[in-house]
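*Asks:* Show me how the following folds:
(2 chains)
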Number of protein chains: 2
Amino acid sequence: MADSLTAAIIAVGSELLTPHKTDTNSLVISEVLNDLGIAVGFKSVVGDSRDELTAHLSHAMARHTIVILCGGLGPTDDDLTRDVVAELLRLPMDEDPGIVAAMQKRFAARGWKMPEVNRRQAQVPRGAAVLENPHGTAPGLWLETGHHQLALLPGPPREMKPMMDGAVRQRLAAVAGGVRLHRRLVRVAGKGESAVEEIVQPIYSQWVQRPPRIETTILAGLGQVELHLVTQSVDAAVANAALDRAVAQLADALGHDLVSIDGTVLEAVVGGLLRQRGWWVAFAESCTGGLATSRMTDIAGSSEYVERSIVAYSNRAKIELLDVPESLIREHGAVSEAVAAAMAAGIRRRAQVNAGIGITGIAGPGGGSERKPVGTVCIAVDAGESSVRTFTFPGGRDMVKHLAATWAIDMLRRWLIKSLP
Amino acid sequence: MADSLTAAIIAVGSELLTPHKTDTNSLVISEVLNDLGIAVGFKSVVGDSRDELTAHLSHAMARHTIVILCGGLGPTDDDLTRDVVAELLRLPMDEDPGIVAAMQKRFAARGWKMPEVNRRQAQVPRGAAVLENPHGTAPGLWLETGHHQLALLPGPPREMKPMMDGAVRQRLAAVAGGVRLHRRLVRVAGKGESAVEEIVQPIYSQWVQRPPRIETTILAGLGQVELHLVTQSVDAAVANAALDRAVAQLADALGHDLVSIDGTVLEAVVGGLLRQRGWWVAFAESCTGGLATSRMTDIAGSSEYVERSIVAYSNRAKIELLDVPESLIREHGAVSEAVAAAMAAGIRRRAQVNAGIGITGIAGPGGGSERKPVGTVCIAVDAGESSVRTFTFPGGRDMVKHLAATWAIDMLRRWLIKSLP
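*Replies:* Now for the predicted structure:
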């Protein structure tokens, strides 16, 4: 029964126990396991220690039928995973001539001779299947015993991921049967986590009451919220129909706060709307220092709708490049709705684009006052008509910059939706 | 003996086993443990399962004297850490009236009544010390048995960190004795990991041969390399003198590739050099889309040396705002050293600043050709004299943007060092 299948994930490598490194392989591995309806019982990181790894592996095998080990397959004395597994399962090791030949070929292609130490990587516990590694020298291994399935994967993510996604997924699928996980990722902007929760909780709480049961997880980002919907089913059509209905309910309830129902990021959604209208856009940024434009241009093809931007960090730049009247700055201050609106109008006129966005604020830590504390940001969108808002963002300099850029891009999105024919 | 002290870290929470979340608390915890000379034997993540947590905790206690548990201290039925610890150590639970009073006060301050479920958080295994939590309702707990020290910490990082850094560090220090870890972080730019390794390996390999033994870890970032130096000693003066000598050796060998010896990031180093000279700077960015300026303005006080920037994404913007001759673009292409130099000179003249930086390139995935493949970027620094270089960066759009911004800022740093009196 697929329902009773559980797995343990063990990442091996002393560097993963330092304060500077985090194991990300287990996320990819968890995703594949969950996709196949296999729950993760625990995940661990152990150093390159024979004793610790042996104890940990035997603890894992005592509790779970599937164990995925990651790392420790290199050629040096530090690399113990193969040895420990063979010892614990009492399997003799054989040198696999196919692996040796493949490694020799790999080295020869670069004009090198294979170092003798690499022969360690050709040692295979008897009965194990060898999983090809097109991206490195260490092959993976797959072992089935009476009660257990073990996968031994290389540590570097670019070697591990294709192997987990390919050969290991296939083998696990055969063990797991036909159950699969189906997902949707819904993105929301303009509301905090608890406000979104209040709206969607009455909706998603119904989804767990009848099959196919849909589980919902709310993840809060900076200025955005993600709703992850997951359902387990053997029947893809049933699962997808249920997810489609669920997503439609959310879209109804969230209105214009809904950014996308298929995981598309905010910047790409705005890019799509601009492209759809054939519009060009330009930003006039002060406190965000170019971050809003940099994020817009993270999207491939953004040169087809981002025309230019001005980072007007000084007042002189605001006056010279955006025609903000000096008197306006004197009267209202550089951080004011009047100046934000003038910046948006200025860049729109100068760049001859359809929409201009102006952002001016106090990112901190200095520069705040009682009336305008750190975090005060004014954002204007000008596209003929103009809209302008003042925010007081929490957090430090990085968070204020990030939230201001997100809201600026989102205000443009709302303008585009509203003004679409 | 401090040398034999080892610890296990267990993070508790089903959400930490999903493909979307990663446990970062263990990094903070590892740092404090390492500082005190305590090695981390393993770290694990387990879900909110009584059975799994019990098995895992007893496995940890069988192998390590110190166990740090994090999470599962909330008020709901899912929060099992207190119960499991008390059960395993066969300790009865008592309600702590001090905790109840503190929680009631906390709720009252917001005009709320404490929900009855919160009484769970006042349950204390007999003999445990209560660790105050000024940032949340769940207090931490510290337990000493004959052979073990256990800390139970809340899961939210902003509650966990001050507790680990404060009360838990103090108690662990008493257990660990006087040994401390001393560190230096050296930053390097302009060379890849293996090139840096080639230069520094003959140097750091000597440091492990005589006390105080210094361990060196090389971490590769995008366009930058970090060297982490760590030494363990009871005598801070001895450790620091040895680290100073070591860092001086590295500085000698690395020359202008050395960015900082105290962990200061590249952007702040460049900011310091600009400030020192009383210089202003402005960027003319194309393929980086504002990223170089955004990173420069991540540093507090950068408005004292960043005057403005232009994101000239279109050719029209390059011509209108930076005086790049149209004929130059026609003849050499928008991605060329001639255009990069003209952009740098143009922004310098227009903004009346001391140094102008021009960046033009192909971030991809489209737009490449055989002669100028994706990743081709030309960067110019103009400060009276001008220098210009062409790069071919690897990776996707994000990586090309990031590497181009890093090199642009680093070319400015090299110019500032070279031209300092």
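
*Asks:* Where does pLDDT dip in chain A?
*Replies:* A:1-4, A:420-421 (pLDDT under 70).

*Asks:* Quick check: bridge partners of whichever residue of the stretch 101-250 of chain A sits closest to chain B?
*Replies:* Residue nearest to chain B within the stretch 101-250 of chain A (C-beta to the nearest C-beta): A:Leu219, separated by 6.1 Å. The C-beta positions use only the backbone N, C-alpha and C, and glycine is treated the same way. A:Leu219 forms beta bridges with A:Glu226, as assigned by DSSP bridges.

*Asks:* contacting residues for it?
*Replies:* A:Val225, A:Glu226, A:Leu227, A:His228, B:His20, B:Lys21 (C-beta atoms under 8 Å, 6 or more residues apart in numbering or on different chains).

*Asks:* Just the buried residues of those.
*Replies:* Applying 16 or more other C-beta atoms under 10 Å in any protein chain shown to the contacts of A:Leu219, the neighbour count classes A:Val225, A:Glu226, A:Leu227, A:His228, B:Lys21 as buried.

*Asks:* now, which of those sits nearest B:Ala342?
*Replies:* Nearest to B:Ala342 among the buried ones among the contacts of A:Leu219 is A:Glu226, at 43.6 Å by C-beta to C-beta.

*Asks:* so who does the closest one touch?
*Replies:* A:Leu185, A:Val186, A:Arg187, A:Val188, A:Ile218, A:Leu219, A:Ala220.

*Asks:* Output the set of residues of the stretch 301-421 of chain A in proximity to chain B.
*Replies:* Residues of the stretch 301-421 of chain A lying near chain B by C-beta under 8 Å from any C-beta of the partner chain: A:301-303, A:306-314, A:316-317, A:321, A:351, A:363-366, A:397-398, A:401.

*Asks:* And the strands in the stretch 51-200 of chain A?
*Replies:* A:66-70, A:93-95, A:123-125, A:129-131, A:140-144, A:149-153, A:180-189 (DSSP state E, counting those that start in this stretch).

*Asks:* Show me what the first one pairs with in its sheet, parallel or antiparallel.
*Replies:* Strand A:66-70 has the following strand partners under DSSP bridges: strand A:6-12 (parallel), strand A:149-153 (parallel).

*Asks:* Contact partners for A:Ile199?
*Replies:* With C-beta under 8 Å, 6+ apart, A:Ile199 has these contacts: A:Lys191, A:Ala253, A:Leu254.

*Asks:* That should have said A:Val196, apologies.
*Replies:* Contacts of A:Val196 by C-beta under 8 Å, 6+ apart are A:Val188, A:Ile218, A:Val225, A:Leu227, A:Leu254, A:Asp257.

*Asks:* By neighbour count, which of the contacts of A:Ile199 wins?
*Replies:* Neighbour tally across the contacts of A:Ile199 (other C-beta atoms under 10 Å in any protein chain shown): the maximum, 22 neighbours, falls on A:Leu254.

*Asks:* what separates that one from chain B, distance-wise?
*Replies:* Going from A:Leu254 to chain B by C-beta to the nearest C-beta, to the nearest Å gives 20 Å.

*Asks:* In which helix or strand does that residue reside?
*Replies:* helix A:236-254 (DSSP states H and E).

*Asks:* Check which residues of that helix are buried.
*Replies:* Going by 16+ other C-beta under 10 Å, helix A:236-254 has these buried residues: A:Ala239, A:Ala242, A:Leu243, A:Ala246, A:Val247, A:Leu250, A:Leu254.

*Asks:* angle of it against strand A:180-189?
*Replies:* 20 degrees (axes from the mean of the first three to the mean of the last three C-alpha atoms, to 10 degrees).

*Asks:* Tell me which residue of the stretch 51-200 of chain A lies closest to chain B.
*Replies:* Closest point on the stretch 51-200 of chain A to chain B, by C-beta to the nearest C-beta, is A:His59, at 4.9 Å.

*Asks:* Contact partners for that residue?
*Replies:* Per C-beta under 8 Å, 6+ apart, neighbours of A:His59: B:Ala55, B:His56, B:His59.

*Asks:* Take the residues of the stretch 301-421 of chain A next to chain B and, keeping just the buried ones, write it as a ChimeraX select command.
*Replies:* Buried residues within those, by 16+ other C-beta under 10 Å, are selected in ChimeraX with:
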select /A:302,303,306,307,308,309,310,311,312,313,314,317,321,351,363,364,397,401
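
*Asks:* Next step: the residues of the stretch 301-421 of chain A next to chain B restricted to strands.
*Replies:* A:Val306, A:Glu307, A:Arg308, A:Ser309, A:Ile310, A:Val311 (DSSP state E).

*Asks:* Relative to B:Val225, how far out is the residue nearest to the first one when sequence neighbours are not counted?
*Replies:* Nearest in space to A:Val306, with sequence neighbours left out and distances taken as C-beta to C-beta, 6 or more residues apart in numbering or on different chains, is B:Tyr313 at 5.0 Å. B:Tyr313 sits 31 Å away from B:Val225, taking C-beta to C-beta, to the nearest Å as the criterion.

*Asks:* Repeat that for A:Leu416.
*Replies:* Counting by C-beta to C-beta, the gap from A:Leu416 to B:Val225 is 43 Å.

*Asks:* go on, A:Val281?
*Replies:* Distance from A:Val281 to B:Val225, by C-beta to C-beta: 38 Å.

*Asks:* what does A:Glu331 give?
*Replies:* 50 Å.

*Asks:* Got phi/psi on A:Arg389?
*Replies:* A:Arg389 adopts backbone torsions of phi -140, psi 150, taken as degrees, to the nearest 10.

*Asks:* Same question for the one 4 residues further on.
*Replies:* With angles defined as degrees, to the nearest 10, A:Phe393 shows backbone torsions of phi -90, psi 140.

*Asks:* Now for the ones in strands among the residues of the stretch 301-421 of chain A next to chain B: which two are most distant?
*Replies:* Longest span within those, C-beta to C-beta: A:Glu307 and A:Val311, 14.8 Å.

*Asks:* still on that earlier bit, which one among the buried ones among the contacts of A:Leu219 gets closest to A:Arg180?
*Replies:* For the buried ones among the contacts of A:Leu219, the nearest to A:Arg180 is A:His228 (15.9 Å; C-beta to C-beta).

*Asks:* Where does the closest one sit, in terms of helix or strand?
*Replies:* Applying DSSP H and E, one finds A:His228 within strand A:224-233.

*Asks:* does the closest residue to A:Met343 other than its chain neighbours sit in a helix, a strand or a coil?
*Replies:* Nearest non-adjacent residue to A:Met343, counting by C-beta to C-beta, 6+ apart: A:Gly358, 3.1 Å away. Put simply, A:Gly358 is strand when judged by DSSP: H, G, I helix; E, B strand; the rest coil.
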